[in-house]
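Enquirer: Predicted model and sequence follow; I will ask about them next.
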Amino acid sequence: MSPLETLGFALGTSFASGLNLYATVAAAGIMQRLGWADLPQALQVLSHPIVLGVAFTLFIIEFIADKIPYVDSAWDALHTFIRPPAAAVLSYSAFGNVPEEWKLGAALLAGSVALASHGAKASARAAANTSPEPVSNWTLSLLEDGLAVFLVWMASEYPLLTAGIVLVLVILAVLLIRKLWRFSRRLVEKFRRRSTTTPARSPETP
């Protein structure tokens, strides 16, 4: 890959990592192993059986946690400190033998992209948890996993096109975070007003 194509690959996998890091690593490793993708030299280690085994195990754990309301939000809160840094490391490794300043810049950009997709995912899950039915959680989880795998394939096959797609997705993610943040503030204010306007019950007389 050329440096520009490597950047497109890094951006695609970074957005995917923000949605589901373990699905991203597993998908990239499998595609490399089956010859469906040609990863940068430093990332071909992702196809190693040990790496694949760990990624699959963690993916199964996340797949289950993602389907349980409130457990998914706790999982996302924990992964705020895992997904963006991991995306930055993958991007840094992908660039191989380029000047250090470019590798660091790409890593910072990749981490920011992963943080945007992670923030949109976590915000959407928190909003979905206000609904008592579980279907919305399951639907969001499957869509996120599918999008992560699709972006890995796109990034390996069409890295420049993927860079444009990721740009649009990041804008949509930021808009979604902003909208859901406003929704959560209105929801909190609604419950606060309800609690302050509820009249206190007088003690019953015998």
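Expert: It's in. Numbers count the residues shown, from 1 in each chain.

Enquirer: Could you tell me which residues within stretch 32-45 count as buried?
Expert: Residues Q32, A37, L39, P40, L43 are the ones in stretch 32-45 that count as buried (16 or more other Cβ atoms under 10 Å). All C-beta atoms are positioned from the backbone trio N, CA, C, and that covers glycine.

Enquirer: ok, which stretches of the chain are helices?
Expert: Using DSSP state H, the helices of the chain run over 3-19, 21-34, 49-65, 71-79, 83-94, 100-128, 135-157, 159-197.

Enquirer: mind putting the ones you listed in CSV, mean pLDDT included?
Expert: Below are the helices of the chain laid out as CSV (pLDDT from 0 to 100):
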stretch, mean pLDDT
helix 3-19, 94
helix 21-34, 96
helix 49-65, 96
helix 71-79, 93
helix 83-94, 95
helix 100-128, 93
helix 135-157, 91
helix 159-197, 82
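
Enquirer: Most tightly packed of those?
Expert: For the helices of the chain, the largest average neighbour count (mean count of other Cβ atoms under 10 Å) is found in helix 3-19, namely a mean of 26.

Enquirer: Please name every helix or strand in contact with that one.
Expert: Here helix 3-19 touches helix 21-34, helix 83-94, helix 100-128, helix 135-157, helix 159-197, going by 3 or more Cβ pairs under 8 Å, 6 or more residues apart in numbering; DSSP states H and E.

Enquirer: Chain neighbours aside, what residue packs nearest to P85?
Expert: Once flanking residues are discounted, P85 sits nearest to G111: 6.5 Å by Cβ to Cβ, 6 or more residues apart in numbering.

Enquirer: give the contact list for that neighbour.
Expert: Each residue near G111 by Cβ atoms under 8 Å, 6 or more residues apart in numbering is listed here: S14, P84, P85, A87, A88, S91.
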